[in-house]
Structures are given as C-alpha cells and as structure tokens.
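Student: please find the sequence and the predicted model below.
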Amino acid sequence: MLQHGPREVEHEITVAAPATAVYRLIADVVNWPRIFPPTIYVDQVEQSGNEERIRIWATANGEAKNWTSRRVLDPEGLRIDFRQEVSAPPVASMGGAWVIEPLSDGGSRLRLLHDYRAVDDDPESLKWIDEAVDRNSRSELAALKQNVELAHASEELTFSFEDTVHVEGAAKDLYDFIDRADLWQERLPHVAEVRLEEGTPGLQTLQMDTRAKDGSTHTTKSYRVTFPHQKIAYKQVTLPALMTLHTGYWTFEETGADSVAASSQHTVVLNTANIAKVLGADTTVADAKEYVRGALSTNSRATLGHAKSYAENRR
C-alpha cells in the first residue's frame, strides 16, 4: 500500500555539554565535514540575517549525493529548521529541524526531526530513504555527541596546514591537472595506481595507491567536489593508520594577468591509538603531528610541482 503524505521520524541523543554549545556547533556548517561522517563538503551559497542557503555533498547508503537546503537559525530558541531546496532522487522532498533542549544536569537533549517523501511515493524508494535517514541520523548524532564532549581533547589532536606554489600559467591548466586524477599514475611518481569515477558531474570518487619513502604503498579512498577552475574539495573515507580524519582542498587563485597561487590545504585529526604502533612507544603527539604533516606535505608539494610544470609548459 502506498503511503501518501510525508514520513515523519525523530532521533535523539543526550549530550554532556550545555545546549548553547551544541547549538553553536550545529549552526557552523563550515565545519560539518569534520563533525559528521557522511558529510563531504558544505558550501554556504548565501546568507541574510538568520536565514541561509547551503549546498551539501554527503554519502547516503554508500552513494555520494548533493542537495541544496535553506536553513532558519533561532539561537534564542535553540532550534534550526532546514528544508532541501533541490533534493536528489529518490528523495522528492526533505526537511526537518535540530532542536536542542537544556537538561537539569547541565547537559542537553538533541532532537533531530525529519519529514520526507519519495519520488512518486514509490515504496522501495521510501524504504531506501528510511534506511539512509536512520543510518545518517544515528551517525550524525553520535559524532556530534563525541565532538562536543571531547572538544578539549580534540583541540590538541586537530591541526591544519597549507602548501602553496606560485605559477606563471593559467588557473584552468592547474585545475585540469588536479581534476584529471585518473592520469596521476602516469604523471606522478608517488602514485602507484588510481581509480577515478565521476557518476555525477562535479562529484568524484577517487581510490589511490600511494608510495611512501620506504617503498611501501597505502590505499586511500576520497570523495571530491569540484568547482571548475577554482577549487577541488575532498574528504578521505579510507584513512592511513595515524589519522581518524583527513579533509582538504586544492585552490587556484589568480594573482596577476598570467600568474596563479596554487595551494593544497589539509585538516587532520590524529589517531592516538596507533601512534606507538606505527612510530614507536616514545613518540609524542607533537612528533606524530610533524610526521603526518611531513608525509602529506611531501606528496602535496610533489603534486603541485608537477602541476606547475604542466601549466607553465602550456603557456
């Protein structure tokens, strides 16, 4: 029997943090790829007062999707309403709210509300959406709880850095070099094998085997969001042992008539459980940070160097 009208569901979790702190974290969508496992990238398209329009790229049941939402922020009421402006099939419409309620013990109850319909009210599609909403809601709430409660610990373990090269060439050529990751096996010595899929224009899945200095290889999987010829944002979902999170982006900023600043930015959260196993019992968090930064920067600078040569040779 077909269900007509929206499906309404609710998920909740208690958090050992003040309601105002939880609200602030959810309101800042720029950091969502760090907080919520399914989120790949969020772009704030426009903002006016307490209303904003955002575009979100995220995985649902292992598939990468993107959609545009409008949000209404109510900091006094500790509520954020959202509504997808352009939904991705099989979703016909999707909306809901984050509601944060203070508890007497100083913590808070976080409620995540959803209402949605499937395209043509198809029962199989509705079942798919049910599963995706349930999985993502549980994942988002668990991640948010962990992020808030362990904020003091994660500050020490989270770090960002950027490498930049200046190129006498065109931003388009630099962008094309990074965009065409399917050619990196031929173009980059540290890449042993690469598999790139782009089922939806501008949304890529990249699996890559990378060679380390000692000759060993490790496999990573990333989702990438492309903005021709300006930016490519990514989130790794298969990670090396020393990281629990790795996001970043490549940017190409024109600095003159025929010059570009090409940059690679990384944000990393260390996996402290593996530091001793990988680097030795005496290794400190600072040592591990330096090691990870060195490894990522080495590959980034190598890639930027080859992209620079490619762009300058095409002048």
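Tutor: Sure, I can see it.
Student: what are the phi and psi angles of residue 284?
Tutor: phi -90, psi 170 (degrees, to the nearest 10).
Student: ok, now residue 104?
Tutor: Taking degrees, to the nearest 10 as the convention, residue 104 sits at phi -70, psi -20.
Student: from residue 15, how far out is it?
Tutor: Going from residue 104 to residue 15 by C-beta to C-beta, to the nearest Å gives 14 Å. Using the backbone N, CA and C atoms, a C-beta is placed for each residue, glycine as well.
Student: buried residues in stretch 301-311?
Tutor: 303-304, 306-308, 310-311 (16 or more other C-beta atoms under 10 Å).
Student: just give me the closest of those residues to residue 264.
Tutor: residue 304 (6.0 Å; C-beta to C-beta).
Student: would you agree that closest one is in contact with residue 163?
Tutor: Yes. Residue 304 sits in contact with residue 163 when judged by C-beta atoms under 8 Å, with a separation of 6.4 Å.
Student: okay, and the common contacts of these two?
Tutor: Between them, residue 304 and residue 163 share these contacting residues under C-beta atoms under 8 Å, 6 or more residues apart in numbering: 263-264.
Student: pull the longest strand from the chain.
Tutor: strand 243-256 (DSSP state E).
Student: just how off-centre is that strand within its chain?
Tutor: 12 Å (C-alpha atoms, centre = their mean, to the nearest Å).
Student: residues in contact with that strand?
Tutor: By C-beta under 8 Å, 6+ apart, the list of residues contacting strand 243-256 reads 33-34, 158, 166, 171, 174-175, 178, 229-236, 239, 260-271, 292, 296.
Student: which of those residues are buried?
Tutor: 33-34, 158, 171, 174-175, 178, 229, 231-236, 239, 260-271, 292, 296.
Student: tell me how the chain divides into domains.
Tutor: With domains defined by automatic domain parsing, the chain comprises 7-149, 157-313.
Student: sorry, back to before: buried sites along the longest strand of the chain?
Tutor: Buried residues in strand 243-256, counted by 16+ other C-beta under 10 Å: 243-252.
Student: pLDDT score for residue 24?
Tutor: Listed pLDDT for residue 24 reads 86.
Student: burial of it, as a residue count?
Tutor: 13 (other C-beta atoms under 10 Å).
Student: check which helix or strand covers it.
Tutor: Using DSSP states H and E, residue 24 sits within helix 19-27.
Student: do the same with residue 308
Tutor: Element membership for residue 308, per DSSP H and E: helix 285-313.
Student: show me what that helix is packed up against.
Tutor: On a contact count with 3 or more C-beta pairs under 8 Å, 6 or more residues apart in numbering; DSSP states H and E, helix 285-313 meets strand 158-167, helix 171-179, helix 184-187, strand 259-270, helix 275-279.
Student: mind listing what the residue nearest to the spatial centre of the chain touches?
Tutor: Nearest residue to the geometric centre of the chain (C-alpha atoms, centre = their mean): residue 40, 2.8 Å. For residue 40, the contacting residues are 33, 57-59, 64, 223, 225, 233-235, by C-beta under 8 Å, 6+ apart.
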